[in-house]
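Participant: Structure, please.
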Amino acid sequence: MYVLREQNRNSNIGNSYGFVCRTLEKQCGIQHLGSNEKYEFVELLKLLNAKERLLASKFFCQLPANMGSFRVLLQLQQLGILTASEYILSKEHSDQLQVDLIIFLESEFELLTNVFISAAYDVESGVKLTSILTAALGNLYAGLVSNPKISNLGYVEPLRRSLPDDALRVCINMHLSTLLELHRSEDITEAFANFSAWINQGVDELTFVKHICDKLFASHHQEVLQFLFKQSNMDGFKEWKFYLILVQSIASVADSETTAFIKKHLKNRLLHTASSGCLKSLLHLLLTARAATATTMDIQSNLDNYAKWYKQNIGEMTYILGAEKFQVILGLLEESLVYERELLYLEIHVTIAISPGGRLVQSYKTKCRAYASQLKAKAKKKILNESNTN
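Facilitator: From the prediction side, this is the model:
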C-alpha cells in the first residue's frame, strides 16, 4: 500500500481519499451492484480532484484482478479516470495481460473497443497496443483451430458497430494479419496439394473464419480482398491456407459488386501474368480462381464454377491476348503441371478447349493428359497400399 503512504504526504490529497481507495478495492470484489450502489460509487469517484484521480488510477492498476474489477474499470473509464487502454499498458509485462484481454474479447466489449480505438489513433502507444491485441487474437484463434467451440466471438459485432471507420479499417487489417499467420506452408506446392482439404476444413470446422467475414468484414469485403491480394503478392508469402479460406469465405457471400470485383481482379491477374511471364503469378491466379469459385456446399457445383471461369479466361484468352502473350500463358501452364496435385481440377484443364487450337495447344493438352494419368496411377497405388496395410 505504498501508494497510499505516498499520497498522504501530498497536500493535494483530501482526508477522504484513503476511504475512496478502500472502496475501490472492495468494489473489485463485488461482481454485481444494485442501481443505488452504482450511483453512490460513481458520486464518490466524482469527488476526486485531478491529483487524486491520477493516483486512484495508479492504485487500481496495482490491484489484483477480481470478479468485479472490469465493472469498476468501466466506471473509471466512463468518468475519464482510467481507460482500458491505459490499464492494459500498465499490465504490459504482467502474466495477467493476455488473461485480461481474453476476458475483454469474451465479455467486456466496451473496454475492448477503447483498446482498439487507441491502437488506431494513439500516436505514442498505437504500435504497442496493436502488438498486444494481435497477440491476444492469435492466442484466441489458435485455440479455435484446436477447438472451435471455445468461443462464439461475441465481440465481433459490437466492435463493428462501435468503431469509427478509420479505426475499423485498422481493426480489420489486424484481424486479417492474425488469421493469415495461423498457418504457414512450406511452399506453394503444399497449397495445391491441400486446396480442397483446406476449403472443406474452412467450411466444416474453422467456421470462426466465416463468422468474422460475415460479421466484422460486412460491407468491407472489397477492401478485405484488396488487402489479401496485396499481401499474397509479397515475396516469400507462405500464408496460403487462410488466404484461400478467407477468399472462399468472402466469395461465397459476395454481392454482385464484390463478385464483379473478383472477376476483374482475376482478369487483370491474367493480363499481368502474360506480361511478366512469372510462373508464381500464374500459380497464384489458379489457386485464387479455385477459391473464388468454390462458393457452394456442393463439390461438383464448385468444379463447374471453376470450369466456367477456366473456359472464359484461359480457354478464350486469345480474345484479350496477342499471339506472343498467348504463347507465354501456354508455356506457364505447362510449367505449372508439376504443381498440380488434385486430379479433378487438372481434368478440367484437360477437357476445356483453348481457342484457337493449334500445335502449341495440342502439345499442352498432351502433357496435361500424361500428367493426369500419372496422378491417377499414384492414386490407385496409394489405395492399393492402404488396402494391403489394412
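Participant: Just the CA trace of the helix or strand hosting Val115, in CSV.
Facilitator: Element membership of Val115 [criterion: DSSP states H and E] is helix 109-121. Once non-C-alpha atoms are left out, helix 109-121 reads as follows in CSV (Å, rounded to 0.1, in the frame of the first residue of the first chain):
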residue,chain,number,x,y,z
PHE,A,109,-16.8,-5.2,-25.3
GLU,A,110,-16.9,-1.6,-24.3
LEU,A,111,-13.4,-1.9,-22.8
LEU,A,112,-12.2,-3.8,-25.8
THR,A,113,-13.5,-1.0,-28.1
ASN,A,114,-11.4,1.5,-26.3
VAL,A,115,-8.3,-0.5,-26.7
PHE,A,116,-8.9,-0.9,-30.5
ILE,A,117,-9.6,2.9,-30.8
SER,A,118,-6.4,3.7,-29.0
ALA,A,119,-4.5,1.2,-31.2
ALA,A,120,-5.7,3.1,-34.3
TYR,A,121,-5.3,6.7,-33.1
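Participant: Give me the buried positions along that helix.
Facilitator: Residues of helix 109-121 classed as buried by neighbour count (16 or more other CB atoms under 10 Å): Phe109, Leu111, Leu112, Thr113, Asn114, Val115, Phe116, Ile117, Ser118, Ala119, Ala120. Bear in mind the C-beta positions are built from the backbone N, C-alpha and C, glycine included.
Participant: Strands of the protein, residue ranges please.
Facilitator: In the chain, no segments count as strands under DSSP state E.
Participant: picking up where we left off before, ok, and what's touching the helix holding Val115?
Facilitator: 70, 73-74, 77, 83-85, 88, 101, 104-105, 125-126, 129-130, 132-133, 154-155, 158-159, 162-164, 166-167, 170-171, 174 (CB atoms under 8 Å, 6 or more residues apart in numbering).
Participant: at 7 Å what do you get?
Facilitator: 70, 73-74, 77, 83-85, 88, 104-105, 125-126, 129-130, 133, 155, 158-159, 162-163, 166-167, 170-171 (CB atoms under 7 Å, 6 or more residues apart in numbering).
Participant: distance between that helix and the chain's centre?
Facilitator: Shown here is helix 109-121, whose average C-alpha point lies 18 Å from the average C-alpha point of the whole chain (CA atoms, centre = their mean, to the nearest Å).
Participant: With stretch 241-252 instead?
Facilitator: When C-alpha coordinates are averaged (CA atoms, centre = their mean), stretch 241-252 and its chain have centres 10 Å apart.
Participant: Isn't Gln98 up against Ala136?
Facilitator: Yes: under the criterion of CB atoms under 7 Å, Gln98 makes contact with Ala136 at 5.8 Å.
Participant: So which of the two has more stuff around it?
Facilitator: Each of Gln98 and Ala136 has its neighbours counted (other CB atoms under 10 Å); Ala136 has more, 22 against 16.
Participant: mind listing what the more buried one touches?
Facilitator: For Ala136, counting by CB under 7 Å, 6+ apart, the contacting residues are Gln98, Leu101, Ile102, Leu105.
Participant: Apply 10 Å and report the result again.
Facilitator: When the contact criterion is CB atoms under 10 Å, 6 or more residues apart in numbering, the partners of Ala136 are Ile88, Leu97, Gln98, Val99, Asp100, Leu101, Ile102, Phe104, Leu105, Leu112, Val115, Thr178.
Participant: cool, Arg71 as well?
Facilitator: For Arg71, the contacting residues are Gln27, Cys28, Ile30, Gln31, His32, Leu33, Lys38, Phe41, Glu108, taking CB under 10 Å, 6+ apart as the criterion.
Participant: which ones are touching the last one?
Facilitator: In this structure, Glu108 makes contact with Ser69, Phe70, Arg71, Leu73, Leu74, Ala84, Asp100, Leu101, Asn114, Val115, Tyr155, judged by CB under 10 Å, 6+ apart.
Participant: one step back: of the contacts of helix 109-121, keep whichever come out buried.
Facilitator: 70, 73, 77, 83-85, 88, 104-105, 125-126, 129-130, 133, 155, 159, 162-163, 167, 170-171.
Participant: Which helix runs longest in the chain?
Facilitator: Across the chain, the helix with the greatest residue count (assigned by DSSP state H) is helix 359-389.
Participant: avg pLDDT for that one?
Facilitator: Averaged across helix 359-389, the pLDDT comes to 87.
Participant: That one - contacts with which helices or strands?
Facilitator: For helix 359-389, the elements it packs on are helix 323-336, helix 343-351, judged by 3 or more CB pairs under 10 Å, 6 or more residues apart in numbering; DSSP states H and E.
Participant: of these, which approaches Lys378 most closely?
Facilitator: When the helices and strands packed on helix 359-389 are ranked by distance to Lys378, counting by CB to CB, first place goes to helix 343-351 at 9.3 Å.
Participant: any idea how far that closest one is from the chain center?
Facilitator: So, by CA atoms, centre = their mean, the centroid of helix 343-351 is 31 Å from its chain's centroid.
Participant: Could I get the buried residue list for it?
Facilitator: Leu343, Tyr345, Leu346, Glu347, Ile348, His349, Val350.
Participant: Tell me where the stretch 101-250 of the chain has helices.
Facilitator: Taking DSSP state H, counting those that start in this stretch, the helices of the stretch 101-250 of the chain run over residues 109-121, 126-146, 156-162, 165-180, 188-204, 207-215, 221-232, 240-251.
Participant: Single out the most deeply packed of those helices.
Facilitator: With neighbours defined by mean count of other CB atoms under 10 Å, none of these is more surrounded on average than helix 240-251, at a mean of 25.
Participant: between that one and helix 207-215, how many degrees?
Facilitator: Using axes from the mean of the first three to the mean of the last three CA atoms, to 10 degrees, one finds that helix 240-251 and helix 207-215 are set 40 degrees apart in direction.
Participant: CA atoms of helix 240-251 as CSV?
Facilitator: The C-alpha coordinates for helix 240-251 follow below in CSV (Å, rounded to 0.1, in the frame of the first residue of the first chain):
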residue,chain,number,x,y,z
TRP,A,240,-1.7,-19.8,-48.3
LYS,A,241,-4.1,-21.8,-46.1
PHE,A,242,-6.0,-19.0,-44.5
TYR,A,243,-5.6,-16.8,-47.6
LEU,A,244,-7.6,-19.4,-49.6
ILE,A,245,-10.1,-19.9,-46.8
LEU,A,246,-10.7,-16.2,-46.5
VAL,A,247,-11.1,-15.7,-50.2
GLN,A,248,-13.6,-18.6,-50.4
SER,A,249,-15.5,-17.3,-47.3
ILE,A,250,-16.0,-13.9,-48.8
ALA,A,251,-16.7,-15.1,-52.4
